[in-house]
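Enquirer: quick check, what structure comes out for this input:
(one chain, ligands or ions: 3)
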Amino acid sequence: MTTLTITRPDDWHVHLRDGNVLEDTVRDIGRYFGRAIIMPNLVPPVMNTDQAIEYYERIQQVNSSKTFEPLMVLYLTDSTTSDDIRAAKASGKVFAAKLYPAGATTNSASGVTDIKNIYSVLETMQEEDLPLLLHGEVTDSHIDIFDREKEYIERILKPVVAKFPTLRIVLEHITTKDAVDFVNQAGSNVAATITAHHLLFNRNHMLVGGIRPHYFCLPVLKRNIHQQALIEAATSGSTKFFLGTDSAPHTKEAKENACGCAGSYTAHAAIELYAEVFEQENALDKLEGFASFHGPDFYQLPRNNDSITLVKESWSVPATMPFGDDTVVPIRAGEDIQWQVKA
Ligand SMILES: NC(=O)N[C@@H](CC(=O)O)C(=O)O
Ligand SMILES: [Zn+2]
Ligand SMILES: [Zn+2]
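Expert: Ligands and ions are numbered 1, 2, ... in the order given. The predicted structure follows:
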């Protein structure tokens, strides 16, 4: 039997949602992750430290894991102030601020309409050393959806990195070779998260033989040369790339719909899915760095000091999983996954 023991991993990008689904999302993500960066795109969003702490407490009320700790994030809007940033940093509970370009993705309607509106806030984030997390896609209607990340890097990210040279920035859930190349050539203050689904799939998985809504997420899956670049980055050992599942549940009904929501659920099998990719690349020795070291090092937090053990033993993913009063269809529903985490 093949086993792999690694330092306890963290998830640097996850959506837990709120209300009666929290019990399900927190149980899944807390199975073995030590910490997780909790995305603030609730309705209404988590815009200040009081709201972040209230959300933290709602998560902790249903958190039965002794090892799981939520790390909160502020949602930037055109009205965020420098005082909001200072209060967030001082709270010890907020670890980053997230920039959603208005209209770019799920629950981004209150996002920033023009990056210049928050330049003074970014200045304060640089001073306070609070990381900026980016959903890196432009929203212009004339820009093709497959080109929106590349365009964001050229038009928004490059100028921001030049203007705020010591601001720590995470380009979230990268999907293109352009993003990999940009992050690789940038300074050590610029990093990226990579999801399991962008490593496992390309747009053919979503579109060939019928449209598969559970693979639809944003930024959308790209062609296989981009998938290959992401696999190389994740398995390279570079400290600039780390694990962020972007597990983003929507009800079965909201996904299997004439206008299906963007987001894929992977919290039921996150490290298990990453392990498949690293094994295929003969890079299982690089999984620990990607999943357990590069993230905390970038966030300037201690690495976890215990471990988990993965066993190569196939199991079947259920067709649906509980999601409050509804159900969610997890990635690989009804199919097998090769690895599992030993209880
Ligand atoms: N990734 C997604 O497709 N959806 C996310 C939002 C996001 O991370 O962009 C969601 O909240 O559903
Ligand atoms: Zn996003
Ligand atoms: Zn996300």
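
Enquirer: okay, Lys163 and ligand 2: tell me how far apart.
Expert: Note on Lys163: its distance to ligand 2, by CB to the ion, to the nearest Å, is 22 Å. Where C-beta positions appear, they are placed from N, C-alpha and C, glycine not excepted.

Enquirer: for that residue, report the pLDDT, please.
Expert: If you check Lys163, the pLDDT there is 98.

Enquirer: give me phi/psi at it?
Expert: The phi/psi pair for Lys163 (degrees, to the nearest 10) reads phi -80, psi -30.

Enquirer: host element of the closest residue to it other than its chain neighbours?
Expert: Once flanking residues are discounted, Lys163 sits nearest to Tyr119: 7.4 Å by CB to CB, 6 or more residues apart in numbering. Element membership of Tyr119 [criterion: DSSP states H and E] is helix 119-128.

Enquirer: contact partners of that helix?
Expert: 76, 80-82, 84-86, 89, 97, 131-132, 160, 163-164, 166-167 (CB atoms under 8 Å, 6 or more residues apart in numbering).

Enquirer: burial check on the residue nearest to Lys163, number of neighbours?
Expert: 12 (other CB atoms under 10 Å).

Enquirer: look up how far Asp83 lies from Lys252.
Expert: To Asp83, Lys252 is 42 Å away according to CB to CB, to the nearest Å.

Enquirer: now the strands for the stretch 101-250 of the chain?
Expert: 132-134, 169-171, 190-194, 241-243 (DSSP state E, counting those that start in this stretch).

Enquirer: partner strands of the last one, parallel or antiparallel?
Expert: Strand pairing for strand 241-243, determined by DSSP bridges: strand 190-194 (parallel).

Enquirer: the partner strand and ligand 1 in contact?
Expert: No: residues of strand 190-194 are not located near ligand 1 by CB under 6 Å from any ligand atom, the shortest gap being 10.2 Å.

Enquirer: quick one: distance of that strand to the chain centre.
Expert: Between the centre of strand 190-194 and the centre of its chain there are 10 Å (CA atoms, centre = their mean, to the nearest Å).

Enquirer: what does the stretch 151-300 of the chain put close to ligand 1?
Expert: Residues of the stretch 151-300 of the chain lying near ligand 1 (CB under 6 Å from any ligand atom): Cys217, Leu218, Asp246, Ala248, Ala262, Gly263.

Enquirer: can you rerun that using 8 Å?
Expert: 172-173, 216-219, 246, 248-250, 261-264 (CB under 8 Å from any ligand atom).

Enquirer: which one (most neighbours) among the contacts of helix 119-128?
Expert: Highest count within the contacts of helix 119-128 by other CB under 10 Å belongs to Leu76, 28 neighbours.

Enquirer: sweet, I'm off.
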